[in-house]
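Trainee: what's the 3D shape of this:
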Amino acid sequence: MSQHAKDLFLSAVLDRSVISRSGREVGRLFDVAMSPGDPLPVVHHILVKANGETRRVAFSDLAMFNDVVVSLKGEPETLPNLPESENEVLMRRDILDKQIVDVDGARVVRVNDLKLALSPDGGLCLSAVDIGFRGILRRLGYLRAWDFLGGAMKRQLASKEIDWLLVQPLDANLTNLTLTVTRDKLSDMHPADLANILAQLPHGNVSAVLNSIDVEAAGEAMGEMEPEDSSRLLSQMESSHAADVLEEMPPDEAADVLAELPDEKAQELLAQMDPEDAEKVQELLEHEDDSAGGLMNNEFLFVPPAATADDALAQVRLLGAEMDSIYYIYVLDPDEQLLGVASLKRLLLARGSDPISGIMSRNPKSVQVDSSLEDVLELVVQYKLASVPVLEEDGKMAGIVTSDDIIEHFLPFALRWKQYKAMRNF
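Mentor: Model (predicted):
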C-alpha cells in the first residue's frame, strides 16, 4: 500500500477517520488546505475535527494519505498544531461546489470534485477539477455501482475533468492562488468567448472576474454582448473602473451601452471618461437609434487630398491600433467634406509616392446622419461595401457604418422572418 495515492479525489478522503501511529482514531478529516506551488497548488495541511475542536496537521506529519487510510506519523499530542493563517484556502470550503470559469471551454461550471496528484517532491498537488456527473456519483458513493451497470450495458459514463491550469476561480478568497497563467488566459480569450463567460456569471462574481482582466479585454468582450447585458455588468462595477472599460470600447458600442443606463448614471460615467473619448460618445448619443447616425462609429481614418500613399499608410500605423476596424482611408478637404475613398488593398499595391488623389475612388456612396438603416443596408448589399460614410447636413463627414454592424442589426429580423415563413409553410 502506497503512503500517498498517485491520483486521489478529495471526496475519497473527506470525513474519513484519521488514525494515530498507535492505531487509535483521533478524529475525522474535515478539510484539506493548500498553498501556492509551481505550477500547481500543493497540499499544505489537513484539518482534523474531533469533539467540536479542529486541529491543523502538516502534510509532512502524515504517514499515509490515500482512499483507504489517513494516518499520522505519531500521536496528535506530539505533533505541532498549526495556527490558522489569515489567507488559508481550503478545498472543501473554498472550491468544492463553487463555480469556476473553464477558460478552455469558455463557460462557467460547477466543481463536483477535486483531483489530487503526486507532485515532483513527493507531496500532493491540486491537478484538476471534476465537473461531470461522475463527480456527483463519486461523492454519493454510487460511482462503482454505476460503472458496474454501465459496463454490463456497454455504456460507460464519460469523465469530465479540467486541468487546474485551465480554470479561473471566481471566489475572491482564491486571489492569492490564482496563477498568472489563468489571468492571462482570460485576457487572451476571444472577446466573444469572454463575453459568453461574463453573461453566465452570477451577480456576485462579476466584479471579481472583471477586476482580474485588463480593461482592454473587458471592453472588447462587452462590445460582443447585447447593450442591455453590458449595461448590467457596468452597473455592478465601480464608476471609475466602468469608465475605463468604456474608454476601451468603440464610441458607437459605448454609446449603445450608456443608452441602456439611467441618464444620471450615464452622465456620471461620461464625466469620469477621458474628455476626448466622452465627447465622441456624447455626440453619438444625440442621434436616433434607428438612423445611420445612431449606428455609426465616429472614429475613422482620413488624410488630406495632398497626401501620398505613404502618408496614408503612416496614418494606419499611427492610429490603426485605436480603431475597431479599418477598411478604407477617406480623403477630406480642409472643411471636412468627403472627396474620395481608398481601400487598404489599393494603398498597399500603390507606390509610396503616388498621390492619394490618383488612388482614391471619387464620388463615394454615402448616407446622411438621419438616413434610415434600410438605406445603409441597401448600399452595403448593392455595392458590396465594407463600410458606408455618414455625412452631416452640410456635407461634413461624421462617421462610418460598417457592414458588420448593419448586418448584425438586421440579422435578428431576418431570422424571425425565416421562422415565420417556416411556420406558414408547416
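Trainee: ok, residue 7 to residue 254 distance?
Mentor: Look at residue 7 and residue 254: by Cβ to Cβ, to the nearest Å, they are 49 Å apart. Placement of C-beta: from N, CA and C, glycine included.
Trainee: so for these two, which sits in the more crowded spot?
Mentor: Neighbours were counted for residue 7 and for residue 254 using other Cβ atoms under 10 Å; residue 254 has more, 30 against 12.
Trainee: ok, that one - contacts?
Mentor: 246, 247, 277, 281 (Cβ atoms under 8 Å, 6 or more residues apart in numbering).
Trainee: check residue 207 too.
Mentor: By Cβ under 8 Å, 6+ apart, residue 207 lies in contact with 236, 237.
Trainee: next, count neighbours for residue 282.
Mentor: Around residue 282 there are 16 other residues, counting by other Cβ under 10 Å.
Trainee: before we move on, back to that, hmm, which of the contacts of residue 254 are the buried ones?
Mentor: 246, 247, 277, 281 (16 or more other Cβ atoms under 10 Å).
Trainee: one step back: and which of the contacts of residue 254 is nearest residue 265?
Mentor: Relative to residue 265, the closest of those is residue 246; by Cβ to Cβ it sits at 11.8 Å.
Trainee: tell me which helix or strand that closest one sits in.
Mentor: Element membership for residue 246, per DSSP states H and E: helix 239-248.
Trainee: read off the pLDDT value for residue 399.
Mentor: Per-residue pLDDT puts residue 399 at 95.
Trainee: what do you get for residue 423?
Mentor: 46.
Trainee: just checking, residue 26 touches residue 19?
Mentor: Yes: with contact defined as Cβ atoms under 8 Å, residue 26 counts as touching residue 19 (6.7 Å).
Trainee: shared neighbours of the two, which are they?
Mentor: Joint contacts of residue 26 and residue 19 (Cβ under 8 Å, 6+ apart) are residue 72.
Trainee: name the residues that touch stretch 329-347?
Mentor: So stretch 329-347 is contacted by 300-305, 307, 309, 312-313, 315-316, 326-328, 356-357, 359-364, 366, 389, 391, 395-397 (Cβ under 8 Å, 6+ apart).
Trainee: which SSE is immediately downstream of the helix or strand bottoming out on mean pLDDT in the chain?
Mentor: Across the helices and strands of the chain, mean pLDDT, DSSP states H and E gives its lowest value to helix 180-188, namely a mean of 61. Sequence order places helix 191-200 as the next helix or strand after helix 180-188, per DSSP H and E.
Trainee: which of the residues in that following helix are buried?
Mentor: Here helix 191-200 shows 191, 193, 194, 195, 196, 197, 198, 199 as buried, counting by 16+ other Cβ under 10 Å.
Trainee: next structured bit after it?
Mentor: Per DSSP H and E, the first helix or strand lying C-terminal to helix 191-200 is helix 206-211.
Trainee: in that next one, which residues are buried?
Mentor: Those would be 206, 207, 208, 209, 210, for helix 206-211 by 16+ other Cβ under 10 Å.
Trainee: got a markdown table for those, with pLDDT and distance to residue 120 too?
Mentor: Listed next are the buried residues of helix 206-211 as a markdown table, based on pLDDT from 0 to 100; distance: Cβ to Cβ, whole Å:
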| residue | pLDDT | distance to residue 120 |
| --- | --- | --- |
| 206 | 71 | 37 |
| 207 | 70 | 36 |
| 208 | 68 | 31 |
| 209 | 72 | 31 |
| 210 | 75 | 35 |
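Trainee: residue 66 and residue 127, how far apart?
Mentor: 15 Å.
Trainee: er, residue 17 I mean
Mentor: 25 Å.
Trainee: which of these two has more neighbours?
Mentor: Per other Cβ under 10 Å, whichever of residue 17 and residue 127 has more neighbours is residue 127, with 19 against 14.
Trainee: what helix or strand is that one on?
Mentor: Using DSSP H and E, residue 127 sits in strand 124-130.
Trainee: run through who's touching that strand.
Mentor: Residues from elsewhere that reach strand 124-130 (Cβ under 8 Å, 6+ apart): 4, 7-9, 34, 37, 40-43, 59, 65, 91, 95, 100, 111-119, 138, 159-164, 167.
Trainee: quick one, which of those residues are buried?
Mentor: Listed as buried from those are 4, 8-9, 34, 37, 40-43, 59, 65, 91, 95, 100, 111-119, 138, 160-162, 164, 167; burial here means 16+ other Cβ under 10 Å.
Trainee: in helices, which of those residues appear?
Mentor: If you go by DSSP state H, those have residue 138 in helices.
Trainee: listing request: residues of this structure with sub-threshold pLDDT.
Mentor: Across the chain, the ranges flagged by pLDDT under 70 are 1-6, 148-156, 169-184, 202-205, 208, 412-426.
Trainee: longest strand anywhere in it?
Mentor: Longest strand in the chain by number of residues (criterion: DSSP state E): strand 25-35.
Trainee: let me see the ranges of the strands in the stretch 1-150 of the chain.
Mentor: Assigned by DSSP state E, counting those that start in this stretch, the strands in the stretch 1-150 of the chain fall at 7-9, 17-19, 25-35, 42-50, 53-58, 62-65, 70-72, 89-90, 99-102, 107-110, 113-118, 124-130.
Trainee: can you list those in CSV and add distance to residue 348?
Mentor: Output for the strands of the stretch 1-150 of the chain, formatted as CSV (distance: least, Cβ to Cβ, whole Å):
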stretch, distance to residue 348
strand 7-9, 55
strand 17-19, 71
strand 25-35, 54
strand 42-50, 53
strand 53-58, 65
strand 62-65, 64
strand 70-72, 68
strand 89-90, 53
strand 99-102, 40
strand 107-110, 40
strand 113-118, 52
strand 124-130, 48
